[in-house]
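Participant: For reference, the sequence and a predicted model appear below.
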Amino acid sequence: MVQIVTDSTADLSHEIADQANVKVIPLSVIIGGNTYHDGEDIDQFKLFELIKQTGELPKTAAPSPGEFHKMFDVPEDSIFIGISSKLSATVQDAVLSAQEFPEGKVRAIDSINLSTGIGLLALAAADLRDQGLSAAEIEAEIKRRLPKTRMSFMIATMEFLYKGGRCSAMENIFSTMLKIHPIIEMQPDGSLGVKDKAYGSRKKSMQLLLTDFEKHLDELDPRRVFVTHTSPDEDAEYLKEEIIKLAAPEEVLITRAGSVVSSHCGPGTIGILYMVK
């Protein structure tokens, strides 16, 4: 049996991770002079409340070498699939930890992705493990699938991107005045980029996500689609219903973004994540 490990930015709920037997190692969130562990003692609701109380955005940190060593120090071989190395040092630190073990005992994979884009890969790895594949075979197949992951997120407000230094004050002001909602996607190199801009109501913005999703129906991998969000639950349910009408995937999973991802995108964000064949 191979141990499948991901980090907390994969935004898998405890229920989903436990059901798939995927281990999750948390990143740290530092705010108000305190350190929290993403998904363990802080979630998006607590995060937004702390931001409101302190008036500051949190800092985030990769798991410590000791945390990685403890996770990998098991009888089984381990596959670790982590947040894009363009966005965090997590994978680099996992690689360093892997070097403390015999060659092939720990295999660290840069997902070149974020949120449940990572989650899709982790669950795919768990599926392959359950089919009896070896660690080497799982690693090869997951690396083959890396460029086949798709994600589009609608950002409700650019305030958090501005505070995090990811857009200018003028862009923040104009987006608020004109009700512009950027549509964010992963670039092939694992960085984030603006794919499109939605104007007007949230419903129109979510429709743009669905229109983009519909363009890929012919190549959609129907096994699993995620709706991940920091939005009201009814927005996520609406997208789920529309996705089922359009594509009837085997499962559409709704998850809330963890505190690390939420600290960058802010409240009201929602996205569709899936794989293509």
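Facilitator: Great, that's in hand. Numbers count the residues shown, from 1 in each chain.
Participant: Can you tell me the SS state at H37?
Facilitator: Recorded secondary structure, H37: strand (DSSP: H, G, I helix; E, B strand; the rest coil).
Participant: what's around the closest residue to it other than its chain neighbours, how many residues?
Facilitator: The shortest distance from H37 to any non-neighbouring residue, by Cβ to Cβ, 6 or more residues apart in numbering, is to P26 (4.2 Å). Every C-beta, even on glycine, is put in place using the N, C-alpha and C of the backbone. P26 is flanked by 20 other residues according to other Cβ atoms under 10 Å.
Participant: hang on, P26 packs against I42?
Facilitator: No. Counting by Cβ atoms under 8 Å, P26 sits too far from I42 to count as a contact (9.2 Å).
Participant: dump the residue contacts of D93.
Facilitator: A62, P63, S64, P65, F68 (Cβ atoms under 8 Å, 6 or more residues apart in numbering).
Participant: rerun at 6 Å
Facilitator: D93 makes contacts with A62, as judged by Cβ atoms under 6 Å, 6 or more residues apart in numbering.
Participant: for K59, same thing?
Facilitator: Going by Cβ under 6 Å, 6+ apart, K59 touches I30.
Participant: Quick check: the gap between the residue nearest to S259 when sequence neighbours are not counted and G66.
Facilitator: Closest residue in space to S259, ignoring its immediate chain neighbours: L47 at 4.2 Å, by Cβ to Cβ, 6+ apart. Applying Cβ to Cβ, to the nearest Å, the value for L47 to G66 is 25 Å.
Participant: So for those two, which residue has more residues nearby?
Facilitator: L47 (25 against 9).
Participant: quick one: what helix or strand has that one in it?
Facilitator: Remark: L47 resides in helix 44-54, with elements defined by DSSP states H and E.
Participant: mind checking how far the next helix or strand after that helix is from the chain centre?
Facilitator: Sequence order places strand 59-61 as the next helix or strand after helix 44-54, per DSSP H and E. Offset of strand 59-61 from its chain centre (Cα atoms, centre = their mean, to the nearest Å): 16 Å.
Participant: partners of strand 59-61 in the sheet?
Facilitator: According to DSSP bridges, strand 59-61 forms sheet pairs with strand 28-31 (antiparallel).
Participant: what sits up against the partner strand?
Facilitator: Strand 28-31 is contacted from outside by T35, Y36, D38, I42, L50, P58, K59, T60, A61, S259, using Cβ under 6 Å, 6+ apart.
Participant: Run the angle between the longest strand seen in the chain and helix 44-54 for me.
Facilitator: Taking DSSP state E as the criterion, the chain has its longest strand at strand 220-229. Inter-element angle recorded for strand 220-229 and helix 44-54: 40 degrees (by axes from the mean of the first three to the mean of the last three Cα atoms, to 10 degrees).
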